[in-house]
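Visitor: this one's structure only:
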């Protein structure tokens, strides 16, 4: 059976979605928008004397060079900013992979973000947070201490996961949404999609485990901003906008959030190249 919404053209897709969808010209436009949202939120909170707390992905990543440029050019202080990264790959012993591993999210953030921001502007190292497989309770505790998350940024996986909150049809929606930061195996679908997109197809060398921020922490952020730009996101966006709410497609469980948007490119909006 083929679901009707998989055949929607861009106009049909944007007509009556169950989640707010925004279509932009190309990847760079989407990434610039995300970077702008990050910078504007920080500037507003700085002006009000408030902290800024983001949940940040490593995928999508195209927003970070634009964000770094905005911070350096506008002299935006990040001293009261916390970046809580969504996840990290683990080795077979369920420990962080080394920072110099080509897939390490910690290594990526250090190389592409933190080391590129002017030292007088960048946040202290203790405000650059990654979920720790040995202390999974720390992220939800920290979020509570900080007064919540301003914006959770992210993408959507091929099976609808956000961060590494993998689909699990055996759970009810309430059970799924109660999941906090934890260690878990990565599904075969996700390993294959990530190997193709991020590792040249080297499936045999893809990590089998991860530590991920929970769907609970994402769902309780004050704003959620998602972006999609890969070819297989054509199906993902259509299901997110029109499919059923189900733990078999976790992003659908966020549909009732009071301030969530899913931005995608014209490339994703088209049905054919």
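Guide: Structure received. Computed from a predicted structure; not experimentally measured.
Visitor: for the helix or strand hosting residue 175, buried residues please.
Guide: Secondary structure assigned from DSSP states H and E places residue 175 in helix 173-177. Within helix 173-177, the residues that count as buried by 16 or more other C-beta atoms under 10 Å are 176-177. Every C-beta, even on glycine, is put in place using the N, C-alpha and C of the backbone.
Visitor: likewise for stretch 161-172?
Guide: So, applying 16+ other C-beta under 10 Å, buried residues of stretch 161-172: 161-167.
Visitor: check stretch 244-259 too.
Guide: 247-255, 257.
Visitor: nearest to residue 36, of these?
Guide: Closest approach between the buried residues of stretch 244-259 and residue 36, by C-beta to C-beta: residue 257, at 20.9 Å.
Visitor: next, the contact list for the closest one, please.
Guide: The contact partners of residue 257, taken as C-beta atoms under 8 Å, 6 or more residues apart in numbering, are 219, 224.
Visitor: quick one: it is in a strand?
Guide: No - per DSSP: H, G, I helix; E, B strand; the rest coil, residue 257 lies outside any strand segment and is coil.
Visitor: related to what we said a few turns ago, farthest-separated two in the buried residues of stretch 244-259?
Guide: Taking C-beta to C-beta as the measure, the buried residues of stretch 244-259 span a maximum distance of 18.9 Å, between 248 and 257.
Visitor: for the chain, what helix or strand is lowest in average pLDDT?
Guide: Here the helix or strand of the chain ranked lowest by mean pLDDT, DSSP states H and E is helix 188-198, holding a mean of 89.
Visitor: next SSE after that helix?
Guide: Next element after helix 188-198 (DSSP H and E): strand 209-212.
Visitor: residues making contact with the helix or strand following that next one?
Guide: Later in the chain than strand 209-212, the nearest helix or strand by DSSP H and E is helix 215-219. The contact list for helix 215-219 (C-beta under 8 Å, 6+ apart) reads 55, 139-140, 143, 149, 152, 154, 162-163, 165, 176-181, 224, 250, 253-254, 257.
Visitor: make it 7 Å
Guide: With contact meaning C-beta atoms under 7 Å, 6 or more residues apart in numbering, helix 215-219 is reached by 55, 139-140, 143, 149, 152, 162-163, 165, 176-181, 224, 250, 253-254, 257.
Visitor: now do stretch 140-150
Guide: Contacts of stretch 140-150 (C-beta under 7 Å, 6+ apart): 41, 51-55, 82, 129, 180-181, 217, 220-223.
Visitor: where does pLDDT dip in this structure?
Guide: When residues are selected by pLDDT under 70, those of the chain lie in 1, 273.
Visitor: farthest pair within the buried residues of stretch 161-172?
Guide: Taking C-beta to C-beta, no two of the buried residues of stretch 161-172 sit farther apart than 163 and 167, at 12.6 Å.
Visitor: buried stuff in the helix ranked longest in the chain?
Guide: The residue-count maximum for a helix in the chain (DSSP state H) belongs to helix 27-47. Residues of helix 27-47 classed as buried: 27, 30-35, 37-39, 41-43, 45-46 (neighbour count, 16+ other C-beta under 10 Å).
Visitor: could I get the contacting residues of the nearest residue to residue 107 once chain neighbours are set aside?
Guide: With C-beta to C-beta, 6 or more residues apart in numbering as the criterion, residue 107 has its nearest non-adjacent residue at 4.1 Å, and that residue is residue 99. Residue 99 makes contact with 106-107, 110, according to C-beta under 7 Å, 6+ apart.
Visitor: of the residues you listed, keep whichever come out buried.
Guide: 106-107.
Visitor: with secondary structure and distance to residue 73 added, can I get the contacts of residue 99 in TSV?
Guide: Shown next, in TSV, are the contacts of residue 99 (DSSP: H, G, I helix; E, B strand; the rest coil; distance: C-beta to C-beta, whole Å):
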residue	secondary structure	distance to residue 73
106	helix	26
107	helix	25
110	helix	21
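Visitor: distance between stretch 196-207 and the chain's centre?
Guide: Centroid separation for stretch 196-207 versus its chain: 19 Å, with C-alpha atoms, centre = their mean, to the nearest Å.
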